[in-house]
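In: Pasting the sequence and the predicted coordinates here, then a few questions.
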Amino acid sequence: MTTLLPNVRTFAANVIPKEEFAVPGHRACTGCAEILAVRLALKGFGRDTIISMATGCMEIVSSPLPTTDWTLPWIHVAFENCAAVASGVESALKILRKKGKIPDKDVHVVAIAGDGGTMDIGLQSLSGALERYHKFTYICLDNEAYMNTGIQRSSGTPFGAMTTTSPPGKNSIGQSTWKKDMPKIAVAHNIPYVATACPSYPFDFLEKIRKAKMVDGPSYIHVLSVCPTGWRTPTDLSIRYGRLAVQTGVFPLYEVEDGKYRLTYNAEPLRPITEYLKGQGRFRHLTPDSIATIQKRITTDWEALKALSDSSAKAI
């Protein structure tokens, strides 16, 4: 039986904020889980927030002139410098508060980018911002490809997936490399808080936003965002596929506080990977042998993560 761990229930016992900061009128695709993730995250951060957002799906669907989807200060930046702009805003706020030019209150800075803008094009500026220890939260909205520009592969694209730049064929399985483990790269920067999240588990997500906002330093949250367009899934099943990703171990929910790992959702016993792959057009070409290879990798990674969580628990 799968069980939610205690901290997931914290938000369930309270009222979820009703104020909306990503308002209706956007042009996201039907069934897009990414806009749902942004909506939840901004509810958690609240009114005193400034957003730096890289070019990508959310920027395109939310800001067709002369309208905007955002009710918070929002800066559109290039693919590669989302974290750099956020760190600059954070530094500017600090100086303005010190000089008495703005009220001495916490204004949280949030950087938001997709997997391409985070794991590929923006990795350099993100690494620099984390290393400099700016107090901001970076959210990676991972829909596992460059969906906005035509479903091209990224380093977040899972092994075996079909994209327009990793098509399967006689001599190709599709995406031939394994997904980059970006949360572990963030952990390697020795920052206070790193977590994975999925809008299919909203209370877990909101609790992690709360923790990220409170830490004194940088925080990183990696969000799985189901994309019916790129994944070739039914538009009414986005929440289900998010849950299946977690329950099969494809995308475990965990957090790393000051280097200590903790699972926030116990997915054991893991559901078979076939339940997750089934119905996704991007995986329809996979053979039983390919699926067995993926299952083996997922199981190995799950056991390694569990061991990290167990050893961290013993060290407390």
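Out: Perfect, I can see it now. Since this is a predicted model, take the numbers as computed values, not measurements.

In: can you map out the helices along the stretch 201-316 of the chain?
Out: For the stretch 201-316 of the chain, the helices defined by DSSP state H, counting those that start in this stretch occupy 202-214, 228-231, 238-247, 273-277, 288-315.

In: Throw these into CSV and include mean neighbour count, mean pLDDT and distance to Asp181, thanks.
Out: Where you see a C-beta, it was placed from the backbone N, CA and C, and this is true even at glycine. Listed next are the helices of the stretch 201-316 of the chain as CSV, based on neighbours: other CB atoms under 10 Å; pLDDT from 0 to 100; distance: least, CB to CB, whole Å:
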stretch, mean neighbour count, mean pLDDT, distance to Asp181
helix 202-214, 22, 96, 18
helix 228-231, 22, 98, 20
helix 238-247, 21, 98, 15
helix 273-277, 19, 98, 18
helix 288-315, 14, 95, 8
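
In: Any chance of TSV for those, columns distance to Pro192?
Out: TSV is the format used below for those (distance: least, CB to CB, whole Å):
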stretch	distance to Pro192
helix 202-214	9
helix 228-231	33
helix 238-247	24
helix 273-277	32
helix 288-315	15
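
In: quick one: contacts for the most centrally placed residue in the chain?
Out: Within the chain, the residue whose C-alpha comes closest to the C-alpha centroid is Val223; the distance, by CA atoms, centre = their mean, is 1.8 Å. Under the criterion of CB atoms under 8 Å, 6 or more residues apart in numbering, the neighbours of Val223 are 37, 41, 139-142, 196-199, 205.

In: Now with 6 Å, please.
Out: Applying CB atoms under 6 Å, 6 or more residues apart in numbering, we find Val223 in contact with 37, 141, 197.

In: Also Arg271?
Out: By CB under 6 Å, 6+ apart, the neighbours of Arg271 are 247-248.

In: now it: how far from Trp302?
Out: Here the criterion is CB to CB, to the nearest Å. By it, Arg271 lies 12 Å from Trp302.

In: do the same with Ser154
Out: Counting by CB to CB - Ser154 and Trp302 are separated by 23 Å.

In: what do you get for Ala78?
Out: When distance is defined by CB to CB, Ala78 is 36 Å away from Trp302.

In: ok, now Arg27?
Out: For Arg27, the distance to Trp302 - CB to CB - is 37 Å.

In: go on, Ser309?
Out: 11 Å.

In: before we move on, what about Asp115?
Out: According to CB to CB, Asp115 and Trp302 sit 21 Å apart.

In: Can you tell me the closest non-neighbouring residue to Pro202?
Out: Of all residues not flanking Pro202 in the chain, Leu40 sits nearest, at 5.7 Å (CB to CB, 6 or more residues apart in numbering).

In: Ignore what I typed, I meant Cys227.
Out: Here the residue nearest Cys227, using CB to CB, 6+ apart, is Asn143, at 3.9 Å.
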